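A.B. asks: pasting a predicted model and its sequence here:
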Amino acid sequence: MKDEEYMADFMLTAQRALTAEDFRLFRFHFLLGADWKLCCRQMKIDRGTFFHSVYRIQQRLGRVFRELKPYSLFPLDEYFGGALKGVTPCTVRMLPRPNQLRPPLKKAA
């Protein structure tokens, strides 16, 4: 249940910290995974406005998640209270976005 509690805290904190328009963009882009073109078309904004809003959302939520009392949402080890015995860690698989720049994994010879 700890994972579900974290997801609920994450969503509710984001909803409280952001304006209605910023939360709508947060939901489309970060939670549903829509690219910038789809978000711009859906929200009727231009590319520059989209990216400025994304950077503003990242900055605002990063600070809120870090400074949240009594337990910050970041770093995760502080939220989950350290290692628990008999519990396997939950892994989150991030799917790569199309056209995402990937650094080389090993040095070319």
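C.D. replies: Looks like it arrived, so ask away. Everything numeric here is computed off the predicted structure, so don't read it as measured data.
A.B. asks: now the helices: where do they sit in this protein?
C.D. replies: 2-17, 20-26, 36-43, 47-67, 76-80 (DSSP state H).
A.B. asks: tally up the residues packed near Ala8, please.
C.D. replies: Using other Cβ atoms under 10 Å, Ala8 has 10 neighbouring residues. From N, CA and C alone the C-beta is placed, and that goes for glycine too.
A.B. asks: ok, Phe23 - contacts?
C.D. replies: For Phe23, the contact set (Cβ atoms under 8 Å, 6 or more residues apart in numbering) comprises 14-15.
A.B. asks: Met1 versus that one, what's the distance?
C.D. replies: Phe23 sits at a distance of 25 Å from Met1 (criterion: Cβ to Cβ, to the nearest Å).
A.B. asks: JSON lines please, covering the helices of the chain and showing mean pLDDT.
C.D. replies: Written out in JSON lines, the entries for the helices of the chain read as follows (pLDDT from 0 to 100):
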{"stretch": "helix 2-17", "mean pLDDT": "88"}
{"stretch": "helix 20-26", "mean pLDDT": "95"}
{"stretch": "helix 36-43", "mean pLDDT": "94"}
{"stretch": "helix 47-67", "mean pLDDT": "92"}
{"stretch": "helix 76-80", "mean pLDDT": "68"}
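A.B. asks: ok, Arg60 to Arg41 distance?
C.D. replies: Distance, Arg60 to Arg41, using Cβ to Cβ: 24 Å.
A.B. asks: quick one, which of the two is more surrounded?
C.D. replies: Arg60 (16 against 10).
A.B. asks: residue contacts, the more buried one?
C.D. replies: Shown here is Arg60, whose contacts under the criterion Cβ under 8 Å, 6+ apart are 17-18, 22.
A.B. asks: just among these, which is most surrounded?
C.D. replies: Most neighbours among the contacts of Arg60, by other Cβ under 10 Å: Leu18, with 20 neighbours.
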